[in-house]
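**Q** A predicted structure for the sequence below; I have some questions about it.
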Amino acid sequence: MLEAFHAHPDVGILGLSGTKQISTSGISYLSPQRVGILLDAEKQALDGRAVDGLCESVQVLDGCLLATQHDVAWRKDLFHSALFLGASASCEQQRAGHGVAVLGEKEPACRWISNAFQVDSDEKDAFLDEYSKDLYPLVSIIIPTYQRPEYFRQALESAQKQTYRNLDIFITDNSHNEETKDVYEKYFADDSRIRYEHHPDFDARGNWHRALTYDNPDAEYVNWLMDDDLFVPKKIATMMEYYFTYPDVTLVTSYRNAIDENGEALPDTESTKPICEVTSRLKGSDVGRMLLLSLTNYLGEPTTALLRKKYMLQGGRLGWTGREGKYRIVDFSTWLRLMAQGDVVYIREPLSSFRQHEVQQHKALDTHFGGLICWTMMIQEAIRENIFLQDDEDKKRSIIRWLKFADGNVQVIKDYPKDLWEASYVQDFLKAYAGMAAALTNGYQIKYEIDAMQAGSDIINV
């Protein structure tokens with residue numbers, strides 16, 4: 001340790017084990033990316049990789065053995081036990097401008113007799129309250145809302161009560177009255193993490209544009225929250241833990257509960273039923289293929305998934321192709337783009353609730369037909385990029401599945417009032433239908449021309 005301190009005068013504290021990223025629980029020895037080798041009571045090596053060199057920088061140290069070369073006060077005002085001692089000391093040294101490192105050892109130098117610490121919930125809360133901004137990436141939660149003040153209150157409260165503390169909560173409200181604003185001011189205005197904007201002059205498209213282009217430059221992750229949905233308190237913390245464990249995955253999502261307008265549980269539908277029996281890391285190519293063969297969004301609505309911004313944002317544009325225009329469905333089209341870049345973690349426990357009720361936008365005809373058109377664009381892109389649908393049998397299955405879904409809608413259109421026949425989404429749907437049908441005899445090349453980029457609302461499944 002003396003040799004390491006002399007060689008690295010910037011290092012304020014050394015230990016024998018630590019982690020590159022502390023767990024969202026705040027407990028260092030439960031964290032992934034562990035560095036340093038300790039022996040247990042039976043002299044067997046505990047999890048952790050050896051340090052290559054004299055010492056290696058880490059985020060925090062375990063408290064089994066600590067040595068300092070800069071005098072920084074211990075936080076005796078916060079902690080009275082040893083469990084958070086090493087992590088707290090690490091944070092205080094870094095606040096003072098000093099480094100934190102694990103000592104390199106040829107042989108383990110310390111035995112950890114027991115890791116069965118009793119966690120004091122008050123000390124855990126004190127640790128997370130004090131150091132979350134130092135230790136964890138900022139997560140944006142984005143809530144678009146319109147004239148559903150009670151649902152909005154429940155949704156925002158579920159965001160506010162997240163066990164993950166380092167949050168940026170943004171609300172854009174285009175209500176034409178003050179009821180939602182009154183709820184915010186009465187219950188939530190004192191929370192410095194929340195930013196509320198009221199835009200009564202916005203239409204639905206303007207409000208969605210504000211929500212979808214909101215970008216806090218300090219936030220590394222983003223999760224939308226529809227104003228009628230709910231988060232489980234540990235949602236963000238649980239999902240962030242999987243990003244820490246698998247830094248290369250591009251999407252983390254979960255099973256979600258379906259609830260009715262009163263918050264009562266609904267039975268699973270084809271889209272909400274779980275896709276695996278246990279939490280799993282899945283190949284993005286496999287899950288993308290599953291979605292395109294079934295034309296079912298098993299991965300959830302915008303509320304369900306937590307996204308890493310560096311994979312998600314392309315100049316503020318969501319979706320996959322950039323050509324979806326007004327027919328862009330934000331959830332499954334964005335999920336497909338992310339899965340084209342990497343793997344998915346699917347968490348088997350429910351971490352959010354998807355509320356289903358009569359006034360939802362996804363029941364509107366233009367959204368329904370927009371979704372069908374968007375699926376044709378996803379199939380077309382997969383075939384064009386030779387991803388997800390890579391052999392002719394899969395291409396054929398996906399196209400035929402879409403045509404079967406669409407056939408019933410062709411019959412519905414026949415019963416439309418004549419003026420609805422002139423609606424752009426009906427005309428575009430019929431063009432897409434013709435292009436999909438022709439693809440079966442055209443080497444699965446999907447060709448049709450529609451003006452998806454004309455003015456119109458971004459479509460999102462809410």
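**A** Noted; the coordinates are in hand.
**Q** from now on I want contacts and neighbour counts done on CA atoms only, so please keep to that.
**A** Fine.
**Q** return the distance of the most centrally placed residue in the chain relative to residue 164.
**A** The residue at the geometric middle of the chain, judged as the C-alpha nearest the mean C-alpha position with CA atoms, centre = their mean, is residue 306 (0.5 Å). Note on residue 306: its distance to residue 164, by CA to CA, to the nearest Å, is 13 Å.
**Q** quick check: neighbours shared by these two?
**A** Taking CA atoms under 8 Å, 6 or more residues apart in numbering as the criterion, residue 306 and residue 164 both touch residue 236.
**Q** make sure residue 94 is indeed in a helix.
**A** Yes. Remark: residue 94 belongs to a helix, assigned using DSSP: H, G, I helix; E, B strand; the rest coil.
**Q** got the contact list for the closest residue to the residue nearest to the centre of the chain other than its chain neighbours?
**A** Leaving aside its sequence neighbours, residue 306 sits nearest to residue 223 (CA to CA, 6 or more residues apart in numbering; 4.9 Å). For residue 223, the residues meeting the contact criterion (CA under 8 Å, 6+ apart) are 139-142, 302-307.
**Q** was I right about residue 299 contacting residue 254?
**A** Yes. Applying CA atoms under 8 Å, one finds residue 299 in contact with residue 254, separated by 7.1 Å.
**Q** what's the overlap in contacts for those two?
**A** Contact criterion CA under 8 Å, 6+ apart; residues bridging residue 299 and residue 254 by contacting each: residue 305.
**Q** tell me how far residue 195 lies from residue 153.
**A** Residue 195 sits 15 Å away from residue 153, going by CA to CA.
**Q** which elements pack onto the host helix or strand of residue 91?
**A** When elements are defined using DSSP states H and E, residue 91 is found to belong to helix 85-95. Here helix 85-95 is seen to pack against strand 11-15, strand 60-61, strand 99-103, helix 121-135 when contacts are counted using 3 or more CA pairs under 8 Å, 6 or more residues apart in numbering; DSSP states H and E.
**Q** turn the ones you listed into JSON lines, columns for distance to residue 218.
**A** Supplementary listing: the helices and strands packed on helix 85-95 in JSON lines, determined by distance: least, CA to CA, whole Å:
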{"stretch": "strand 11-15", "distance to residue 218": "27"}
{"stretch": "strand 60-61", "distance to residue 218": "22"}
{"stretch": "strand 99-103", "distance to residue 218": "23"}
{"stretch": "helix 121-135", "distance to residue 218": "11"}
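**Q** highest mean neighbour count out of the ones you listed?
**A** For these, the stretch with the most neighbours on average is strand 60-61, a mean of 32; neighbours defined as mean count of other CA atoms under 10 Å.
**Q** buried sites along the next helix or strand after that one?
**A** Later in the chain than strand 60-61, the nearest helix or strand by DSSP H and E is strand 66-68. Of all the residues in strand 66-68, those buried under the rule 16 or more other CA atoms under 10 Å are 66, 68.
**Q** partner strands of strand 66-68, parallel or antiparallel?
**A** If you go by DSSP bridges, strand 66-68 pairs up with strand 11-15 (antiparallel).
**Q** with just CA atoms, put the partner strand into CSV.
**A** What follows is the C-alpha trace of strand 11-15 in CSV, where atoms were taken according to Å, rounded to 0.1, in the frame of the first residue of the first chain:
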residue,chain,number,x,y,z
VAL,A,11,-5.1,8.3,-4.8
GLY,A,12,-6.7,9.2,-1.5
ILE,A,13,-7.9,5.8,-0.4
LEU,A,14,-6.8,2.2,-1.1
GLY,A,15,-8.7,-1.0,-0.4
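**Q** any idea which helix or strand comes after it?
**A** Counting by DSSP H and E, the element after strand 11-15 in chain order, helix or strand, is strand 18-19.
**Q** any idea how far that next one is from the chain center?
**A** Averaging C-alpha coordinates over strand 18-19 and over its chain gives two centres that are 25 Å apart (CA atoms, centre = their mean, to the nearest Å).
**Q** in the stretch 1-150 of the chain, where is pLDDT below threshold?
**A** Low-confidence regions of the stretch 1-150 of the chain, defined here as pLDDT under 70, cover residues 114-117.
**Q** no, scratch that, I was asking about the stretch 251-400 of the chain
**A** Low-confidence segments of the stretch 251-400 of the chain, defined by pLDDT under 70, span residues 312-317, 359-364.
**Q** what are the boundaries of the strands in it?
**A** Here the stretch 251-400 of the chain has its strands, by DSSP state E, counting those that start in this stretch, at 251-254, 257-259, 280-282, 307-308, 344-347, 352-355.
**Q** which strands and helices sit next to the longest helix along the chain?
**A** With residue count as the measure and DSSP state H as the assignment, the chain has helix 392-414 as its longest helix. Counting contacts by 3+ CA pairs under 8 Å, 6+ apart, helix 392-414 packs against helix 284-294, helix 365-385, helix 424-439.
**Q** wait, what's in contact with residue 149?
**A** 179-180, 183.
**Q** can you say which of these are buried?
**A** Among the contacts of residue 149, those classed as buried by neighbour count (16+ other CA under 10 Å) are residue 180.
**Q** list just the nearest of the contacts of residue 149 to residue 55.
**A** Here the nearest of those to residue 55, counting by CA to CA, is residue 183; it sits at 52.7 Å.
**Q** that closest one contacts residue 153, correct?
**A** Yes. Taking contacts as CA under 8 Å, residue 183 lies within contact range of residue 153: 6.6 Å.
**Q** which pLDDT value belongs to the residue nearest to residue 306?
**A** Looking at residue 223, its pLDDT stands at 97.
**Q** which residues touch residue 426?
**A** Contacts here follow CA under 8 Å, 6+ apart; on that basis residue 426 touches 369, 413, 420.
**Q** most surrounded residue in these?
**A** The residue in those with the most neighbours, by other CA atoms under 10 Å, is residue 369 (20 neighbours).
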